[in-house]
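Q: got a predicted structure plus its sequence, pasted below:
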Amino acid sequence: MTIDNKDIRNLLEVAVVAARLAGQNAMEEINYVKTTAKSDTELVTEADAHCQKIIIDNIMQNFPSHGIIAEEGKDNKLSKQLPRGDNDIWWVIDPIDGTNNYSQRILSFAVSIGIINNGKPVLGVIYDPATDSMFTAAGDGPALFNDARIQVNDKDIEYYQTIGIESLYSEGVPGWITRLQGMLRCRSLGTTALHLAYVAKGSFVAGVMNNPKLWDIAAGAFIAEAAGAAVTDWQGKSLWPVDMNAYNGEPFKVLAANKKVHKKLIEIINS
């Protein structure tokens, strides 16, 4: 099933409402956070599950035959619901991207909702409830920030430009990421979704992600591309298509930047 423009508008409306409701719930619960360890490096909160349920309930009320991949499932595994009928529409959900921040009441987290059709993103919504900031892109339309059009900046690799990176202490961080500290101002917000959103908005000249999952990047990669970014793996290859039926939480290597900086970073990575 291929999505037409009318479908896209309907999908976007539901995604925006769901993201806003989930974000509002996250803000209501932030002062009463209850956490458990999902792994040695990851936490999960009760709010993650509550926000995810809000999103999925909204989707199922409107599109009960669509597929869903969401971060929070049973036994610390992803939650997956196959699409029914002849459609290949998947909602990819991270209810709170930046859970570690959220668990410490640090207001740097986001709700991320993407839609993938035939293995490729067609819609992205990222909502930052702490600042009431909504990033969207749908179909072949522009990237928007609170309904205003945005695009990547046209800057080069210069020390006063900012790049979003994961923690330098994350497992498996390669040496070339550390070297970027001497070339650009490195920032780690603790949320992949907002790193990609800020690339789209032109606040970051680039974003480098070491081991994000599909729910971390589905919305943000599409929004960044709609804003003019090149978004690939570290070798410059496309991230898409993804075999959604087979996907089981495998990580990606992601580089997002304006096209000039992207080309130079690919050269640095492979030098």
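A: Cool, the structure landed.
Q: how would you label G207: helix, strand or coil?
A: The three-state assignment at G207 reads strand, by DSSP: H, G, I helix; E, B strand; the rest coil.
Q: who touches it in this structure?
A: Applying Cβ atoms under 8 Å, 6 or more residues apart in numbering, we find G207 in contact with 163-165, 192, 195-196, 198-199, 224, 254-257. Just so you know, the C-beta spots here come from the backbone N, C-alpha and C atoms, and that holds for glycine as well.
Q: skipping adjacent residues, who's closest to V92 in space?
A: Excluding the flanking residues, the one nearest V92 by Cβ to Cβ, 6 or more residues apart in numbering is A218, at 3.9 Å.
Q: as PDB, could you dump the C-alpha coordinates of the helix or strand hosting the one you found?
A: Under the criterion of DSSP states H and E, A218 resides in helix 214-226. C-alpha atoms of helix 214-226 as PDB (Å, rounded to 0.1, in the frame of the first residue of the first chain):
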ATOM      1  CA  LEU A 214      15.200   2.500  14.700                       C
ATOM      2  CA  TRP A 215      12.800   4.300  17.100                       C
ATOM      3  CA  ASP A 216      15.500   6.800  18.000                       C
ATOM      4  CA  ILE A 217      16.100   7.900  14.300                       C
ATOM      5  CA  ALA A 218      13.000   7.100  12.200                       C
ATOM      6  CA  ALA A 219      11.300  10.500  12.800                       C
ATOM      7  CA  GLY A 220      14.500  12.600  13.100                       C
ATOM      8  CA  ALA A 221      16.200  11.300  10.100                       C
ATOM      9  CA  PHE A 222      13.200  12.000   7.900                       C
ATOM     10  CA  ILE A 223      12.800  15.500   9.300                       C
ATOM     11  CA  ALA A 224      16.500  16.300   8.800                       C
ATOM     12  CA  GLU A 225      16.400  15.000   5.200                       C
ATOM     13  CA  ALA A 226      13.300  17.100   4.600                       C
END
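Q: skip ahead from that helix and say which helix or strand is next.
A: As the chain continues past helix 214-226, the following element, by DSSP H and E, is strand 230-232.
Q: tell me the strands beside that next one, with direction?
A: strand 254-257 (antiparallel) (DSSP bridges).
Q: let me see the mean pLDDT of the partner strand.
A: Average pLDDT, strand 254-257: 97.
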